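Asks: Let's see this in three dimensions:
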Amino acid sequence: MIIVLGSERLHSDMIRRFSNATPTPITVIKLEKSGGCADRDDAYMSAFRQSQIREYFFGSIKRTLSPHTQTVDFSSVTVYKVHEQSGMMSSFLPGGEEEAESPIFDRVEPSSQMLHCVMAVMYAGTHDALEVIRDASVMGFVYVAEVDDKKRRLRVLAPVSGKIGDRPLVWGSWPEASVSLI
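Replies: Below you'll find the model as predicted:
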């Protein structure tokens, strides 16, 4: 079941896309927004995301957390970059329906572009197939605090102690790079 809130265009797109879904049909329901609802502007949402990222690593007023930093060599970390293409979401269609044959992400070398980005640590192995990594659960997140291209090292902030180990990292464009947490 898909519930669409206050968007006629999205509702129509979902009906068109999932009306003939097999083997089980998908129901699309449209709900109207309440009169008291207000859209939030981009500046507010960006500030809110940054505060949530800060809270994930450092905690809140009621619960203080002590994140750990670790330095890892480029050669000991496996990073996959999510493709930023319009058809990317087709890889997540139900029932294994694939519209495009291209993979949703590629393995990339760590670089200074990763500075201040949040990456997902996946419950998968670095040598697993892309489909296994794509379908794996997210173990947690790390924040790239520093990138040293000359020494070929990353300094990452993790909410718990311990090494990243043999886990692939997935890097996308969302959430956008935030301010420095360290």
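Asks: Report how many residues lie close to Asp106.
Replies: Counted with other CB atoms under 10 Å, the neighbours of Asp106 add up to 12. Bear in mind the C-beta positions are built from the backbone N, C-alpha and C, glycine included.
Asks: Leaving out chain neighbours, which residue sits closest to it?
Replies: In this structure, Asp106 finds its nearest non-sequential neighbour in Lys81, 5.9 Å apart by CB to CB, 6 or more residues apart in numbering.
Asks: pLDDT score assigned to that neighbour?
Replies: For Lys81, the model assigns a pLDDT of 93.
Asks: Run through the residues that contact it.
Replies: Contact partners of Lys81, counting by CB atoms under 8 Å, 6 or more residues apart in numbering, are Phe105, Asp106, Arg107, Val108, Trp171, Gly172.
Asks: How about residues contacting the longest strand out of those in the chain?
Replies: Identified as the longest strand of the chain according to DSSP state E is strand 138-148. Outside strand 138-148, the residues that touch it by CB under 8 Å, 6+ apart are 53, 56-57, 69, 110-112, 114-123, 153-160, 164, 167, 169, 178, 180-182.
Asks: Try it again at 7 Å.
Replies: Outside of strand 138-148, the residues within contact range by CB atoms under 7 Å, 6 or more residues apart in numbering are 56-57, 69, 110-112, 114-123, 154-159, 164, 167, 169, 181-182.
Asks: now could you export just the CA positions of the following helix or strand past it as CSV?
Replies: Of the helices and strands lying after strand 138-148 in sequence (DSSP states H and E), the nearest is strand 153-158. Taking Å, rounded to 0.1, in the frame of the first residue of the first chain, the C-alpha atoms of strand 153-158 are listed here in CSV:
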residue,chain,number,x,y,z
ARG,A,153,43.9,8.5,4.8
LEU,A,154,40.4,9.3,6.0
ARG,A,155,39.4,10.4,9.5
VAL,A,156,35.9,9.3,10.3
LEU,A,157,33.6,9.9,13.2
ALA,A,158,31.5,6.9,14.4
